[in-house]
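Undergrad: What follows is a predicted protein model with its sequence.
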Amino acid sequence: MTPEGGPSQVSAEAGPPSRQPLWELREISKSFPGVQALDRVSIALHSGQIHALVGENGSGKSTLAKVLTGAHQPDSGEIRFGGALVTLPHPTAARARGVAAIYQEFSLVPTLSVAENICLGHLPSMGPALLVDWTRMRQHARNVLEQLGIRINVETPVQALSVAEQQLVEIAKAISADSQLLIMDEPTTALALDETQRLHDLIRRLARRGGAILYISHRLHEIMGLADRVTVLKDGRVVATRASRDMDLNTVVRLMVGADIAEHYPKEHHTTDRAVLEVRDLKTDWGVDAGSFTLFSGEVLGLGGVVGSGRTAIARALAGVDRVTSGTFNLEDRPVSFRSPAEAIAAGIALVPENRKSDGLFWNFTGVENITISDLTALLRGPLMSLHLEQELGERYIQRLRIDPAAQWRHVGFLSGGTQQKVMIARWLFAGTKVLILDEPTQGIDVGAKVEVYRLINSLTAQGMAVILISSDYRELLAMSDRVAIIRDGRVVRTAPAAELDEYAIIAAAPAAPSPAGG
């Protein structure tokens with residue numbers, strides 16, 4: 001299943017999957033203390049077939065994937081490879097049988113080059129001393145990236161790449177091995193639409209060559225256009241396995257969460273005619289070039305554009321992260337400028353960043369502590385901070401935003417992705433934010449959690465808060481925004497009501513070159 005070789009080796013149409021599954025899990029159960037993660041789960045993965053695995057957070061998707069990769073040992077049940085009973089005592093054993101996995105969390109070494117990361121674990125060698133053949137390594141990496149349609153210098157250190165580029169390197173790394181089963185867990189989380197389509201084209205080619213693909217994603221509309229079969233998990237059990245042609249998006253959502261797709265984007269409109277933020281001719285050293293727009297009270301203003309268009313760069317400038325070199329912005333009719341995020345927060349502008357794990361959360365803090373850290377002065381009793389008051393106020397916001405009660409005492413690293421996002425939003429409510437910038441707020445969270453975030457946005461705008469929404473999920477962006485400002489090369493090239501736009505209008509604004517700050 002290596003990607004080397006030209007398109008001429010790939011047949012035009014996908015053939016039917018073999019009758020004998022390449023991999024099969026039979027009645028697999030797996031429990032952890034207090035949790036039954038998998039309960040007699042059976043799934044068959046065929047050569048030449050793309051098999052989607054969907055379900056809410058906690059449904060057992062990742063646990064099942066880790067059983068196949070040898071990272072978890074099942075409590076009971078059978079694993080069969082080519083019809084024969086096998087055991088996978090560790091990931092090395094799974095890799096030896098051609099299992100490769102791409103997880104949502106990167107497994108890259110930041111200080112190594114793109115080529116070194118792609119070939120890590122199977123570096124080409126030469127001579128009796130088995131020295132690394134650097135020339136062959138770089139050429140192999142170039143071949144893999146070419147198959148993906150990615151233009152990245154293979155000698156570039158991974159830490160110098162954007163999040164989206166790092167995701168593509170992660171994919172190339174897994175594909176570079178001679179794998180017969182490719183497990184993809186949220187592979188398009190950080191990818192724009194054109195990059196996602198390129199990846200899907202590659203996945204289809206790999207399946208036509210005889211590989212088996214297990215594809216896990218919260219982006220259900222992607223799955224319906226890609227997968228041959230779909231398995232729905234709920235509470236560690238298989239709810240249904242069907243051919244994708246026999247299911248539609250509404251059916252999948254109903255099986256997962258018991259609600260119709262009509263309830264997936266519960267948009268409410270609360271825009272007023274009072275301008276909260278006016279941005280004029282904004283420029284930064286990080287790709288923003290004379291961006292201008294106005295944001296109104298109660299409005300959700302979407303920033304649309306592909307990865308590299310400058311959306312995140314604009315958000316970082318507004319939040320005081322990046323230095324503004326020229327231009328002005330007024331907050332509630334007052335001119336403001338920020339030299340740091342602290343000054344922006346004090347003025348009422350806050351950013352929920354794209355990467356909540358590295359840029360947004362304090363992993364050694366509980367949910368309560370992550371909320372109250374935005375305004376420690378509110379916790380003072382005289383000269384000292386009151387831990388009792390902190391707990392009381394934090395719990396108040398947890399109840400108000402309907403956050404998982406476990407956030408009162410658990411470190412955020414042990415909370416679900418949706419709960420983590422709500423904790424970050426609660427933090428800025430606690431700080432008295434007037435303008436909330438949400439950069440990819442539903443990235444990597446399940447359908448039910450997404451709906452909760454959407455309803456929370458409705459609640460905030462109903463109270464007069466202004467929201468800037470950045471999302472690479474164009475359906476989400478158009479459904480949840482009142483207006484969309486389309487960004488190209490750090491500049492707003494068009495602003496229109498969301499109802500007047502479609503996905504193609506956003507794609508048409510693709511940048512000539514990616515900005516240094518990413519999306």
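TA: In hand now; what should we look at? Numbering: from 1, shown residues only.
Undergrad: From here on, just use CA atoms for contacts and neighbour counts.
TA: Noted.
Undergrad: Identify all contacting residues around stretch 391-399.
TA: 367-369, 371-372, 404-405, 407-408, 423, 426, 430 (CA atoms under 8 Å, 6 or more residues apart in numbering).
Undergrad: ok, of these, which one's closest to R80?
TA: Among the contacts of stretch 391-399, D404 lies closest to R80 (CA to CA), at 38.2 Å.
Undergrad: The stretch 251-400 of the chain: strands as residue ranges?
TA: Applying DSSP state E, counting those that start in this stretch to the stretch 251-400 of the chain gives strands spanning 275-284, 289-296, 300-304, 324-331, 334-336, 349-352, 380-381, 384-385.
Undergrad: And the average pLDDT for the fourth one is what?
TA: For strand 324-331, the mean per-residue pLDDT is 90.
Undergrad: give me the beta-bridge partners of S125?
TA: With DSSP bridges as the criterion, S125 is bridged to V132.
Undergrad: can you pull out the helices in the stretch 51-200 of the chain?
TA: Secondary structure of the stretch 51-200 of the chain by DSSP state H, counting those that start in this stretch: the helices cover 61-68, 91-96, 114-118, 134-148, 163-176, 193-208.
Undergrad: other SSEs contacting the fourth one?
TA: By that I understand helix 134-148. helix 114-118, helix 163-176, helix 193-208 (3 or more CA pairs under 8 Å, 6 or more residues apart in numbering; DSSP states H and E).
Undergrad: List of residues touching that helix?
TA: 3-4, 114-116, 118-119, 123-124, 151-152, 154-155, 169, 172, 175-176, 198-199, 202.
Undergrad: before we move on, what about the third one?
TA: Residues outside helix 114-118 that contact it (CA under 8 Å, 6+ apart) are 108-109, 123, 137-138, 140-142, 153-158, 169-170, 172-174, 176.
Undergrad: cutoff 7 Å now
TA: 108-109, 137-138, 141, 154-158, 169, 172-173, 176 (CA atoms under 7 Å, 6 or more residues apart in numbering).
Undergrad: Next: the fifth one.
TA: For helix 163-176, the surrounding residues in contact (CA under 7 Å, 6+ apart) are 2-3, 100-102, 106, 108, 114, 117-119, 144-145, 158, 190-191.
Undergrad: Just the buried ones from those residues, in PyMOL syntax?
TA: Remark: buried members of the contacts of helix 163-176, expressed as a PyMOL selection using 16 or more other CA atoms under 10 Å:
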select buried, resi 3+100+101+102+108+114+117+118+119+144+145+158+190+191
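Undergrad: Tell me which residue of this structure is furthest from the middle?
TA: Note on the chain: the largest C-alpha distance from the chain mean falls to P128, namely 44.5 Å (CA atoms, centre = their mean).
Undergrad: H140 versus that one, what's the distance?
TA: Computed as CA to CA, to the nearest Å, the P128 to H140 distance reads 21 Å.
Undergrad: Give me the buried entries from the contacts of helix 134-148.
TA: Here, 16+ other CA under 10 Å leaves 3-4, 114-116, 118-119, 123-124, 152, 154, 169, 172, 175-176, 199, 202 buried among the contacts of helix 134-148.
Undergrad: Break the protein down into its structural domains.
TA: Domain segmentation of the chain under automatic domain parsing yields 22-98+178-258, 108-173, 265-348+434-519, 361-432.
Undergrad: To E354, which of those lies closest?
TA: Here domain 265-348+434-519 is closest among the domains of the chain (CA to CA), at 4.8 Å.
Undergrad: any idea which residue sits dead centre in this structure?
TA: T189 (3.1 Å).
Undergrad: what about the nearest residue to G236 once chain neighbours are set aside, neighbour count?
TA: Closest residue to G236 apart from its sequence neighbours, by CA to CA, 6 or more residues apart in numbering: L38 at 4.2 Å. Neighbour count for L38, taken as other CA atoms under 10 Å: 27.
Undergrad: still on that earlier bit, make CSV from the helices and strands packed on helix 134-148 and add mean pLDDT to it.
TA: Formatted as CSV, the helices and strands packed on helix 134-148 follow (pLDDT from 0 to 100):
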stretch, mean pLDDT
helix 114-118, 93
helix 163-176, 80
helix 193-208, 81
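Undergrad: out of these, which comes closest to E476?
TA: helix 193-208 (12.6 Å).
Undergrad: residues contacting G70?
TA: 88-91, 94.
Undergrad: thinking again about what came up before, among the helices and strands packed on helix 134-148, which comes closest to T419?
TA: Closest among the helices and strands packed on helix 134-148, using CA to CA: helix 163-176, at 22.3 Å.
Undergrad: Only C-alpha atoms, please: export that closest one in CSV.
TA: Only the C-alpha atoms of helix 163-176 are listed here, as CSV (Å, rounded to 0.1, in the frame of the first residue of the first chain):
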residue,chain,number,x,y,z
VAL,A,163,-0.4,22.9,11.9
ALA,A,164,-2.0,22.0,8.5
GLU,A,165,1.4,21.2,7.0
GLN,A,166,2.4,19.1,10.0
GLN,A,167,-0.9,17.1,9.6
LEU,A,168,0.1,16.4,6.0
VAL,A,169,3.5,15.2,7.1
GLU,A,170,1.9,12.9,9.6
ILE,A,171,-0.2,11.4,6.9
ALA,A,172,2.8,11.0,4.6
LYS,A,173,4.7,9.3,7.4
ALA,A,174,2.1,6.6,7.8
ILE,A,175,1.6,6.1,4.1
SER,A,176,5.4,5.8,3.5
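Undergrad: quick one, phi psi at the closest residue to G291 other than its chain neighbours?
TA: Sequence neighbours aside, R491 is the residue nearest to G291 in space, at 4.5 Å (criterion: CA to CA, 6+ apart). R491 adopts backbone torsions of phi -120, psi 140, taken as degrees, to the nearest 10.
Undergrad: likewise the one 10 residues further on?
TA: Reported as degrees, to the nearest 10, the phi and psi values for L501 are phi -110, psi 160.
Undergrad: Over to the one 5 residues further on?
TA: When read as degrees, to the nearest 10, the backbone of I506 gives phi -80, psi -40.
Undergrad: what's near enough to touch it?
TA: Contacts for I506 (CA under 7 Å, 6+ apart) come out as 304-305, 486.
Undergrad: Just the pLDDT for it.
TA: 79.
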